[in-house]
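[1] missing the sequence, but the structure's below:
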């Protein structure tokens, strides 16, 4: 069996049986994985630029629907390294837990031992056309926490998720935020190990994690709508507006006032962007010197004046003071018989 893998450096490396045996012996590829799974694994590695030979990627088995499946796992550090290589990664905020509609949230220190968060929110920043834009993503703890079944059939947290719940869910939220901010370089077919719980599809028992369904009152929905309207008013970039809109719940997106405010703000930001571009173009354009042109026209023949006019920008020729200079210069040329 031979495969071709595109390494991060861009050189084609032949993956033969000896190399596969090496990856299998080091736990990168499980021995039970078939040729199709291994081929797909290298395909994903090639596409994202992850090198399994230095531990950036591995093929991990998991169970879902009673069947053994395989997922391409990428190390969390790889995501940050690739983002940094763009020279557009502009930092990240501390993760927030259980963010409420009014913007309040908890930190890990607010929980007692044995308590778990319902949600985790992460924000990363990317410089887009000179503007530092936030990309925020929220994940639910019970959707990603890896679990196991007890002998009596109950679903409980796996050991690592029980020992380090905040650390594990923070990794998931941060990588999701990186994927949102750098969607042009990250594949949706690769995961970090902490996401395996979501792939397995097991749901935590209600008595294992205090994670009630998020049913909002009408007052809470109104608070979310007002917060969205406030954000739209102060938003300063189109990418930030679009990204935030995608994160809002449906009742906020479908609100007529919010939709109208977004449409209006989008038009304002588009106009502002065009004005800024026009101003930049003006700054870059060479300044026109009317006195230098006056000297250039002095003593010239009509033929020379025509050549000078053809070389000038049409916007310059449209100026009244320039027209007057050419009129006087043409009269002088005629009087001089040139």
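    Here it is on my side, so go on. Computed from a prediction, not measured in an experiment: that's the story for all the values here.
[2] so where's the stretch 101-250 of the chain shaky on pLDDT?
    Scanning the stretch 101-250 of the chain for pLDDT under 70 picks out 187-188, 199-216, 243, 247.
[3] Please enumerate the strands of the stretch 201-338 of the chain.
    With DSSP state E, counting those that start in this stretch as the criterion, the stretch 201-338 of the chain has no strands.
[4] What segments of it are helices?
    Per DSSP state H, counting those that start in this stretch, the stretch 201-338 of the chain carries helices over the ranges 218-234, 238-247, 250-253, 256-284, 290-297, 302-311, 314-317, 320-335.
[5] and those helices, which is most packed in?
    Counting by mean count of other Cβ atoms under 10 Å, helix 238-247 has the highest mean neighbour count of those, with a mean of 17. Placement of C-beta: from N, CA and C, glycine included.
[6] ok so, going back, out of the helices of the stretch 201-338 of the chain, flag the one nearest residue 120.
    Smallest distance to residue 120 across the helices of the stretch 201-338 of the chain (Cβ to Cβ): 13.8 Å, for helix 238-247.
[7] Now tell me what touches the closest one from outside.
    Identification of contacts with helix 238-247 by Cβ atoms under 8 Å, 6 or more residues apart in numbering yields 128, 131, 133-138, 180, 228, 231-232, 235, 253, 262, 265-266, 269-270, 273.
[8] redo that, cut-off 6 Å
    128, 133, 135, 235, 269 (Cβ atoms under 6 Å, 6 or more residues apart in numbering).
[9] do stretch 86-102 as well
    Taking Cβ under 6 Å, 6+ apart as the rule, stretch 86-102 contacts 83, 105-106, 117-127, 132, 170, 173, 220, 223-224.
[10] which of those are buried?
    Listed as buried from those are 83, 105-106, 117-126, 170, 173, 223-224; burial here means 16 or more other Cβ atoms under 10 Å.
[11] now, which of those lie within strands?
    Among those, the residues falling in strands (DSSP state E) are 119, 120, 121, 122, 123, 124, 125, 126.
[12] I figured the third one hits residue 139, correct?
    By that I understand residue 121. No: counting by Cβ atoms under 6 Å, residue 121 stays clear of residue 139, with 8.1 Å between them.
[13] right, and residue 180 touches residue 136 too?
    No: applying Cβ under 6 Å, one finds residue 180 not in contact with residue 136, separated by 7.7 Å.
[14] I'd guess residue 133 is in a helix, am I close?
    No: assigned with DSSP: H, G, I helix; E, B strand; the rest coil, residue 133 falls outside any helix and is strand.
[15] What residues does it make contact with?
    With Cβ under 6 Å, 6+ apart, residue 133 has these contacts: 126, 237, 239, 240.
[16] Report the buried residues of the helix or strand harbouring residue 90.
    Here residue 90 sits within strand 89-92, counting by DSSP states H and E. Under the neighbour-count criterion of 16+ other Cβ under 10 Å, strand 89-92 has 89, 90, 92 buried.
[17] Strand partners (parallel or antiparallel) of that strand?
    strand 119-128 (antiparallel) (DSSP bridges).
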